[in-house]
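Participant: Sharing a sequence plus its predicted fold:
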There are 2 protein chains.
Amino acid sequence: LIGSNESGAEGGELDRLGEFGLIARLTNGLEMRPDVLLAAGDDAAVLDTGAGDVLVATCDVQVEGVHFRRDVATYAEIGHKALAVNLSDIAAMGAEPRWALISLLIPSEVKPVDLDQVYAGMRTLAGSYSVALVGGNVSSTPGPFCIDMTLLGTASRTRAIPRSGAAPSDRILVTGTLGAAAAGALWAVEVQDPVVFSTLSSNTRERTRTALVAPTPQVLVGRALADTGVVSAMIDVSDGLAADLGHICRLSHVGAVLEAERLPIDPAAGEVALAYGRDPLSLGLHGGEDYRLLCTVGEKNLGIALEAIARAGGEGHVIGRIVKEAEGLHLLLGGELAPLEAEGWDHLRAKA
Amino acid sequence: LIGSNESGAEGGELDRLGEFGLIARLTNGLEMRPDVLLAAGDDAAVLDTGAGDVLVATCDVQVEGVHFRRDVATYAEIGHKALAVNLSDIAAMGAEPRWALISLLIPSEVKPVDLDQVYAGMRTLAGSYSVALVGGNVSSTPGPFCIDMTLLGTASRTRAIPRSGAAPSDRILVTGTLGAAAAGALWAVEVQDPVVFSTLSSNTRERTRTALVAPTPQVLVGRALADTGVVSAMIDVSDGLAADLGHICRLSHVGAVLEAERLPIDPAAGEVALAYGRDPLSLGLHGGEDYRLLCTVGEKNLGIALEAIARAGGEGHVIGRIVKEAEGLHLLLGGELAPLEAEGWDHLRAKA
């Protein structure tokens, strides 16, 4: 679930290329055209249908053994998460989610009653955001259970927020706490140690498990930020804070300084990290699957952005600033600047 | 590839429910709303974005071992077909294909150079119809290679053609020959008999192989038919002629009579069927994966429809007529009416 970037001795060519290298390779040289306002490389594509609003389109898949395990999540949670990760991509564009298409690849051991639960989990979450499940496809598979989803949304023509607009001196904001999903994966997947586990409070177990298997996408926060018109770049934190900040930096041609003391590490993540002898900061920086929004805003507009986040039910935290590209990506920790590796979740390198 | 409907003694609950039963079960009770003009159950969903044209959205997956085999198709052909099957669904709405999102599930043995070929096959076909590849997703998988695609298109608000508009006395048309893909599957997948195979002409081998692994979707024919405004129902022949006619009948609340002597069995399919001791008619009725268009038209508009098909490069064949629902689905053969089982390709029951 929360993956390692170690490609290991057995790592093949795809491991070396990685998810983002492969996407860059496959999409290299694809022509742009006037009705494609933003294509591969952002959270979602932005398309001009001729309507006043633009169409925003994203797809993301959940593969058993890579993104979920049936011994950790219920079927309803698996359905919830399949939609939640797509909602988070739409949220990161500041768009309104509207229509979902669902493709199920069904191994023989998954039964109709199980799929009823998957759909129940999806429908409940879809109802919260007025998303209509409008179509899809089912197929048998000799392999793992997969739920692939395409989510379509709409956004005001001038308001969809790309990853590429960050500028030096912008401040970096995150809209909620970090590390809880990674903490859930630590005790539920990676280190199943009953003695250490028994020391965790039930609140901590529940908060970190929920963060892992049934994350809450920040759709309203994303729309509120888009409505302000002051956000220069936005992404959702799925690969990990450092990796996702790295995506903004790469596409905006800027560098960044994150301030370690300002990172809102989830208290439950802190408790799990300490119990298992891990560094809470590392969970917050590299854990991934937080599904918070990470955005950049000019300093003079910081108040507007923080107010919009709070009004929409998020927690705004100012965690660093954008610098020139040549200055690279750094972490400020104990008064010292240390290079920050933009590593995190990579869907090709990771093993569940 | 071309599957059997025998669920067999080992068939589970999903086998008994079938693809269409499962979709009906999962989508039961989904609310309709004004911006969803047509949802699950047709070739594609039809959505109101507020633009003059409506948005048409479909998704279809190709799973190794279910829909393709790497010992039968090249990587470029696998990429071509992943797009072709989606183009065929857009064609069946009479819509114009515009934008594709591609989700790749990549097992460790598929290399970047292989994926380059998959994309080359997709890009060539996409270029033929001005489809932009605008996004997608890659993930590793412990299971089979899968290509899931969502294809978006646009159609005039009054012109998108559903499956549900057929009326008694309408004539039934198909836009090209039938059975070639099933014939290709017969010699390439089901019965690999080198002695019989050696009796086939090279033209027959090539035509049936191409029909199977690199079908040509009838996008221009679909649009030409939509432009006439006289087509009452349309579907693409993917599950098999009888099964797809069954879908039209079920959604239109009508019955149908197919005339066996009028079915345009592909000559190459006829040659393969005879060599292997199979019935050519059965390949044409139940083989599936023909990717022709099947539509219904009032008798007085037959000339308009046939002319539109011919102008767009298709072959129009009048193969039967729509009757009242109570009369059921029949095949007229040798002057006798026999009940026609609406069987065909079922993506849950089939085994490659």
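Facilitator: Now that the structure is in, tell me what you want to look at. Numbers count the residues shown, from 1 in each chain, chains lettered A, B, ... in the order given.

Participant: for A:Ile235, what are its contacts?
Facilitator: For A:Ile235, the contact set (CB atoms under 8 Å, 6 or more residues apart in numbering or on different chains) comprises A:43, A:92, A:163, A:244-245, A:247-248, A:293-295. For glycine as for every other residue, the C-beta is placed from the backbone atoms N, C-alpha and C.

Participant: Just the element for it, please.
Facilitator: strand A:231-236 (DSSP states H and E).

Participant: Counting neighbours, which bits of that strand end up buried?
Facilitator: Within strand A:231-236, the residues that count as buried by 16 or more other CB atoms under 10 Å in any protein chain shown are A:231-236.

Participant: and for stretch A:315-330, what are the contacting residues?
Facilitator: A:166-177, A:242, A:245-246, A:249, A:252-259, A:262-264, A:296, A:302, A:305-306, A:309-310, A:332, A:337-340, A:342.

Participant: What sits closest to whatever residue of the stretch 1-150 of chain A ends up closest to chain B if chain neighbours are left out?
Facilitator: When scored by CB to the nearest CB, the stretch 1-150 of chain A has A:Gly143 as its residue closest to chain B, at 1.9 Å. Spatial nearest neighbour of A:Gly143, excluding adjacent residues (CB to CB, 6 or more residues apart in numbering or on different chains): B:Gly143 at 1.9 Å.

Participant: Equivalent analysis for A:Leu200, please.
Facilitator: Nearest residue to A:Leu200 in three dimensions, chain neighbours excluded: A:Ala275, at 6.0 Å (CB to CB, 6+ apart).

Participant: Need the per-residue pLDDT for the one you found.
Facilitator: In this model, A:Ala275 is scored at 95, pLDDT.

Participant: Neighbours of it, how many?
Facilitator: If you count neighbours by other CB atoms under 10 Å in any protein chain shown, A:Ala275 ends up with 21.

Participant: There's contact between it and A:Val195 in this structure, I believe.
Facilitator: No. Using CB atoms under 8 Å, A:Ala275 is not in contact with A:Val195; the gap is 10.0 Å.

Participant: roughly how far apart are A:Ser156 and A:Arg311?
Facilitator: 18 Å (CB to CB, to the nearest Å).

Participant: higher neighbour count, these two?
Facilitator: Using other CB under 10 Å as the criterion, A:Ser156 and A:Arg311 rank with A:Ser156 on top: 16 against 11.

Participant: what helix or strand is A:Ala338 on?
Facilitator: A:Ala338 belongs to strand A:336-339, assigned by DSSP H and E.

Participant: Which strands and helices lie in contact with that strand?
Facilitator: strand A:329-333 (3 or more CB pairs under 8 Å, 6 or more residues apart in numbering or on different chains; DSSP states H and E).

Participant: then the strand it packs on to CSV, C-alphas only?
Facilitator: The C-alpha atoms that make up strand A:329-333 are tabulated as CSV, following Å, rounded to 0.1, in the frame of the first residue of the first chain:
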residue,chain,number,x,y,z
LEU,A,329,14.3,21.6,-3.2
HIS,A,330,15.3,21.8,0.5
LEU,A,331,14.1,21.1,4.0
LEU,A,332,14.8,23.7,6.7
LEU,A,333,15.4,21.7,9.9
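
Participant: Give the rounded mean pLDDT of it.
Facilitator: 97.

Participant: And A:Leu258, how far from A:Ile319?
Facilitator: Taken as CB to CB, the span from A:Leu258 to A:Ile319 is 6 Å.

Participant: And for A:Val63?
Facilitator: A:Val63 is 31 Å from A:Ile319, by CB to CB.

Participant: and if you look at A:Ile161?
Facilitator: A:Ile161 is 18 Å from A:Ile319, by CB to CB.

Participant: what does A:Glu325 give?
Facilitator: Counting by CB to CB - A:Glu325 and A:Ile319 are separated by 19 Å.

Participant: any idea what sits nearest A:Ala182, other than its immediate chain neighbours?
Facilitator: A:Gly287 (2.5 Å).

Participant: and that neighbour, how many neighbours?
Facilitator: A:Gly287 has 33 nearby residues by other CB under 10 Å.

Participant: Which residues are in contact with it?
Facilitator: Here A:Gly287 is in contact with A:2, A:178-179, A:181-183, A:185, A:240, A:269, A:344 (CB under 8 Å, 6+ apart).
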